[in-house]
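A.B. asks: need coordinates for the following:
(one chain, ligands or ions: 1)
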Amino acid sequence: MTASPTRKVLDLMIGYWASQSVYVATKLNLPEHIAAGHTTSHELAAVTGTHERSLFQLMRFLVGLGVLQGDDETGFSLTPSSELLKEDAPDSLRDLVLMYGEEFYQTWGNLLHNVQTGQPAFEATFGASMYPYFTANQESARRFDGTMAGGAFFTDLPRVFDFSATPTVVDIAGGTGGLLSEVLKASPQTKGVLFDQAHVIEAAKEAMADRGLTDRVSYAEGDYTEALPDGGDVYLWSRILHSRSDASCVDLLKRCRDALNPDGTVIVLERTIPPTGESSLGLWFDMQMMVLVGGTERSEKEYADLFDRSGLALHSVLPLSLDMFAIVAKRA
Ligand SMILES: C[S@@+](CC[C@H](N)C(=O)[O-])C[C@H]1O[C@@H](n2cnc3c(N)ncnc32)[C@H](O)[C@@H]1O
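C.D. replies: Model (predicted):
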């Protein structure tokens with residue numbers, strides 16, 4: 001049965017109740033405590049210092065959402081989704097949930113202001129644009145890097161694009177190197193160059209050492225609007241262009257074309273806006289980019305146009321998971 005219009009509107013309006021509940025459970029480390037054997041609301045209220053009845057209602061709601069299972073009789077337990085909320089889970093989503101539940105939740109509270117004025121809601125909320133805010137707030141920066149580190153599509157890239165004949169891959173604004181690591185693991189002959197802002201490169205060096213890839217990576221610190229490392233065979237631009245205006249993208253892509261070795265390749269990883277307006281995470285993250293940095297997701301055709309204006313040509317568009325795409329370009 002299709003939902004009535006009333007039910008549809010109601011479902012839309014209560015969406016944030018679910019996201020805030022997942023956030024609060026994560027903030028209270030409920031997944032860790034449950035995994036450690038505290039499984040009733042009485043025990044969990046004691047270890048988290050919370051109000052027992054309120055905590056019980058929260059957990060009962062999370063059972064309804066499929067985030068937890070069980071009850072106070074049998075004990076609450078984790079589902080595959082709440083396993084991902086533990087800090088030590090492989091591919092943990094804890095940092096993402098905390099960031100979405102705190103800074104990003106507050107940001108969305110200023111959506112009306114954003115739509116009325118064009119000023120990104122993040123700036124209106126925190127008095128600074130997002131990246132300078134992170135430079136000044138180390139704990140938030142660490143968390144933001146954490147939200148980026150576990151891109152579920154990272155492992156897809158070397159499955160859809162063969163890097164085995166690529167001597168050097170340059171990851172522009174590659175964060176702590178999650179994507180580059182997957183490329184290097186899949187292609188043992190390939191060397192990597194990781195480029196990002198100085199404070200991110202510091203964290204990246206540690207992350208690369210933990211992954212045992214120190215010998216295969218060199219680092220470059222800087223501002224991509226000023227200079228790019230040259231001499232690479234493939235340049236990765238993952239989740240960067242959606243935060244830039246068309247003019248800035250053309251400027252960056254032109255500079256990338258100049259830095260690229262002959263026969264080199266540019267791979268842009270982004271969600272795209274579907275041509276027919278059907279549902280896609282691209283539409284959701286288009287809004288997220290707008291409120292965070294005044295950015296936008298683009299259609300495949302819009303990327304082709306940006307390449308044209310930069311002396312590049314669209315070569316192929318390869319689907320990855322979570323509605324992401326590897327948009328591949330060569331010199332025109
Ligand atoms: C959204 S994250 C994407 C990280 C990574 N490419 C990924 O997909 O996981 C954006 C990255 O751009 C970096 N960044 C932002 N402005 C930059 C600039 N002007 N120059 C170099 N890096 C920058 C940030 O430090 C951050 O690591």
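A.B. asks: could you use CA atoms for every contact and neighbour count after this?
C.D. replies: Fine.
A.B. asks: interface residues of the stretch 201-332 of the chain facing the ligand?
C.D. replies: Within the stretch 201-332 of the chain, the positions lying close to the ligand (C-alpha under 6 Å from any ligand atom) are 222-225, 238-240.
A.B. asks: which regions of the protein lie under the pLDDT threshold?
C.D. replies: Low-confidence segments of the chain, defined by pLDDT under 70, are located at 149-150, 277.
A.B. asks: find the centremost residue of it, please.
C.D. replies: residue 148 (4.2 Å; C-alpha atoms, centre = their mean).
A.B. asks: so the protein: which segments form each domain?
C.D. replies: With domains defined by automatic domain parsing, the chain comprises 5-83, 148-331.
A.B. asks: could I get the buried residue list for stretch 64-81?
C.D. replies: 67-71, 76-78 (16 or more other C-alpha atoms under 10 Å).
A.B. asks: mind jotting down where the strands sit in the stretch 51-200 of the chain?
C.D. replies: 68-71, 75-78, 168-172, 191-196 (DSSP state E, counting those that start in this stretch).
A.B. asks: between those strands, which gets nearest to residue 254?
C.D. replies: strand 168-172 (13.9 Å; C-alpha to C-alpha).
A.B. asks: quick check, the residue in the stretch 201-332 of the chain closest to the ligand?
C.D. replies: Residue nearest to the ligand within the stretch 201-332 of the chain (C-alpha to the nearest ligand atom): residue 223, separated by 3.3 Å.
A.B. asks: spatially nearest residue to that residue (excluding sequence neighbours)?
C.D. replies: Nearest non-adjacent residue to residue 223, counting by C-alpha to C-alpha, 6 or more residues apart in numbering: residue 197, 6.4 Å away.
A.B. asks: secondary structure class for residue 271?
C.D. replies: Put simply, residue 271 is strand when judged by DSSP: H, G, I helix; E, B strand; the rest coil.
A.B. asks: quick one, what contacts it?
C.D. replies: 281-282, 285, 297-298, 323-325 (C-alpha atoms under 8 Å, 6 or more residues apart in numbering).
A.B. asks: at 6 Å instead, please
C.D. replies: Contacts of residue 271 were listed using C-alpha atoms under 6 Å, 6 or more residues apart in numbering, and they are 282, 323-325.
A.B. asks: before we move on, the earlier item: residues near the residue nearest to residue 223, how many?
C.D. replies: Using other C-alpha atoms under 10 Å, residue 197 is surrounded by 17 other residues.
A.B. asks: torsion angles phi and psi at it?
C.D. replies: Torsion angles at residue 197 (phi, psi; degrees, to the nearest 10) stand at phi -70, psi 150.
A.B. asks: next one: residue 188
C.D. replies: Dihedral angles (degrees, to the nearest 10) for residue 188: phi -60, psi -20.
A.B. asks: for residue 280, same thing?
C.D. replies: phi -160, psi 150.
A.B. asks: return the distance of it relative to residue 287.
C.D. replies: 12 Å (C-alpha to C-alpha, to the nearest Å).
A.B. asks: just to revisit the earlier point, relative to residue 3, which of the buried residues of stretch 64-81 is nearest.
C.D. replies: Once C-alpha to C-alpha is applied, the member of the buried residues of stretch 64-81 that ends up nearest residue 3 is residue 67, at 23.1 Å.
A.B. asks: wait, what's in contact with the closest one?
C.D. replies: Residue 67 touches 79, 81-82, counting by C-alpha under 6 Å, 6+ apart.
A.B. asks: also residue 242?
C.D. replies: Contacts of residue 242 by C-alpha under 6 Å, 6+ apart are 295-297.
A.B. asks: pull out the buried members of those residues.
C.D. replies: Judged by 16+ other C-alpha under 10 Å, buried ones among the contacts of residue 242: 295-297.
A.B. asks: how about residue 268, phi and psi?
C.D. replies: According to degrees, to the nearest 10, residue 268 has phi -100, psi 130.
A.B. asks: what about it, neighbour count?
C.D. replies: 21.
A.B. asks: okay, the residue of the chain most remote from its centre and residue 37: tell me how far apart.
C.D. replies: Ranked by distance from the centre of the chain (C-alpha atoms, centre = their mean), the top residue is residue 73, with 38.2 Å. Distance, residue 73 to residue 37, by C-alpha to C-alpha: 14 Å.
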